[in-house]
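# I would like to see how this sequence folds:
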Amino acid sequence: SMQLVESGGGSVQTGGSLRLSCAYSGDFFISMGWFRQAHGKEREGVVAFDEDGTIVDTNSAEGRFTISRDNAKNTLYLQMNSLKPEDTAMYYCAADTLGNPLKDEYRYWGQGTQVTVSS
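Reported below is the predicted structural model:
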């Protein structure tokens, strides 16, 4: 099994930056990703490492979001730049995809960290 704990969320103004962290413990999986869920909307994939370590992303990332990991620190990161109000959401990390790495078909999930972007 794997345990995931996100941190780094907060409130920023439009154009600001945040770096989210996801500390993981337990089993190791190459496939890990970041998802987000805005109020009243379905959870959507943002960016992920697929099962061979390739980075895959969605239009949500738009070149503004970067995924990385530090295996020595057992931490997954999401660097978010040029934030917009529409990026406001709860952000989740996930591990061990069961299929498409950009769909919420992962075995393990963190509890989420809130990001709020004000105009």
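
# now Glu86, what's its secondary structure?
On the three-state scheme (DSSP: H, G, I helix; E, B strand; the rest coil), Glu86 is labelled helix.

# count of neighbours near it?
Neighbour count for Glu86, taken as other CB atoms under 10 Å: 10. (Glycine included, C-beta is placed from N, CA and C.)

# now do Gly110
23.

# contacts only, for it.
Residues in contact with Gly110 (CB atoms under 8 Å, 6 or more residues apart in numbering) are 4-6, 22, 92-94.

# do Gly26 as well
1-3.

# re earlier: greatest separation within the contacts of Gly110: which pair is it?
Maximum pairwise distance among the contacts of Gly110 (CB to CB): 12.5 Å, between Val5 and Ala94.

# hang on, the earlier thing: which of the contacts of Gly110 are buried?
4, 6, 22, 92-94 (16 or more other CB atoms under 10 Å).

# which one among those residues gets closest to Arg69?
Proximity of the buried ones among the contacts of Gly110 to Arg69 (CB to CB) peaks at Cys22, which lies at 8.7 Å.

# now that closest one: which helix or strand?
strand 18-26 (DSSP states H and E).

# buried residues of that strand, list them for me.
Neighbour-count burial for strand 18-26 [16+ other CB under 10 Å]: 18, 20-22, 24.

# reformat these as JSON lines; add pLDDT and distance to Tyr106.
Formatted as JSON lines, these follow (pLDDT from 0 to 100; distance: CB to CB, whole Å):
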{"residue": "Leu18", "pLDDT": "98", "distance to Tyr106": "22"}
{"residue": "Leu20", "pLDDT": "98", "distance to Tyr106": "16"}
{"residue": "Ser21", "pLDDT": "98", "distance to Tyr106": "18"}
{"residue": "Cys22", "pLDDT": "98", "distance to Tyr106": "12"}
{"residue": "Tyr24", "pLDDT": "97", "distance to Tyr106": "12"}
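
# of the residues you listed, closest to Leu78?
Using CB to CB, the buried residues of strand 18-26 come closest to Leu78 at Leu20, 4.2 Å.

# quick one: that closest one and Leu98, what's the gap?
According to CB to CB, to the nearest Å, Leu20 and Leu98 sit 23 Å apart.
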